[in-house]
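[1] no letters, just coordinates:
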């Protein structure tokens, strides 16, 4: 599994002076040696590679011109700046130009899945562990599982985004595997793309293209998830039990469930819980009283918590698709994205 080998370990290779994937260097564009991605995914990949050397407004226009819907996100962050988050993504040059006229320093968000023709595996590196190690373990019994990426983007955290052509015969929903430090973004998700940057105590750090692949092909997202979470099927009974918490109207138990969520699933779990309270007829103030302290115990900040709960209540009072169900052991249905609160606040990388 090439993506999990030593050459992709961000801290050793640095995605700067170390080895390069598929024999091609960062920023070389798709015109260099090696194979080419075909179809719509090729246009987006080539545009991202070319855009990383541009100012953000020009990069957004280039991506839109190549067929990638884009939307502005907080400068130095990931939060969408539009009312409906990724659902507002557009490739119309006029709209894109107006967005970046208003927010010239805005980061660039691109929806994943069929909308852009790309699925993305996010390999995270944290103090508590590395997603590269988890991918190596997942590949041990499944040769070739993660091969076929079309592009690798080095992320500010020291990890990587691995871009794959979306499977035209199957729609893969987004999911989070917090314990493995690996996330998947397909339908209903989005990623922040180069030349965007994230703020940190050490200063802004950019997303940068580390290399392009030679033989792109879709990834089997379900197989990857099963390798990363071998006990996931057995945990479904636990998810069903969590879903019954709201059904019985036990707010104390619902609060305890939110407080126990791990990094990577906290925001989406909070959103789901707030939707359940709204649908049960509880007022916004009641949801804040019950869920905000729980979210704080889970490690979410006050502003983020309030924005997520309010977003859930807006969705609950708007006729639309059901909200996205929490991943990684949380209760609920599948991973479809509902309105902006779930998409914009809980599904970005």
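    Thanks, I have it. Note that the structure is a prediction, hence the values are computed from the model and not measured. Residues are numbered from 1 along each chain as shown.
[2] all contacts plus neighbour counts: C-alpha atoms, from now on.
    Fine.
[3] in the stretch 1-150 of the chain, which spans are helices?
    Along the stretch 1-150 of the chain, the stretches classed as helices by DSSP state H, counting those that start in this stretch are 10-13, 39-51, 56-65, 93-102, 131-139.
[4] rebuild those helices as TSV, extending it with mean pLDDT.
    Below are the helices of the stretch 1-150 of the chain laid out as TSV (pLDDT from 0 to 100):
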stretch	mean pLDDT
helix 10-13	32
helix 39-51	91
helix 56-65	97
helix 93-102	98
helix 131-139	85
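[5] wait, which of the ones you listed is closest to residue 296?
    helix 131-139 (25.8 Å; CA to CA).
[6] now do the closest one: distance to the chain's middle.
    18 Å (CA atoms, centre = their mean, to the nearest Å).
[7] mind checking the pLDDT average for the helix or strand just after that helix?
    Per DSSP states H and E, the first helix or strand lying C-terminal to helix 131-139 is strand 151-154. Strand 151-154 shows a mean pLDDT of 95.
[8] run through who's touching the next helix or strand after strand 151-154.
    Using DSSP H and E, the helix or strand that follows strand 151-154 in sequence is strand 160-165. For strand 160-165, contacts defined as CA atoms under 8 Å, 6 or more residues apart in numbering pick out 10, 41, 117-124, 148-155, 216-219.
[9] how about JSON lines for the helices of the stretch 1-150 of the chain, with distance to residue 109 and mean neighbour count added?
    Shown next, in JSON lines, are these (distance: least, CA to CA, whole Å; neighbours: other CA atoms under 10 Å):
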{"stretch": "helix 10-13", "distance to residue 109": "23", "mean neighbour count": "16"}
{"stretch": "helix 39-51", "distance to residue 109": "12", "mean neighbour count": "22"}
{"stretch": "helix 56-65", "distance to residue 109": "9", "mean neighbour count": "22"}
{"stretch": "helix 93-102", "distance to residue 109": "12", "mean neighbour count": "15"}
{"stretch": "helix 131-139", "distance to residue 109": "22", "mean neighbour count": "21"}
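[10] of those, which is nearest residue 199?
    helix 56-65 (15.4 Å).
[11] now stretch 187-194: how far from the chain's centre is it?
    On CA atoms, centre = their mean, the centre of stretch 187-194 falls 6 Å from that of its chain.
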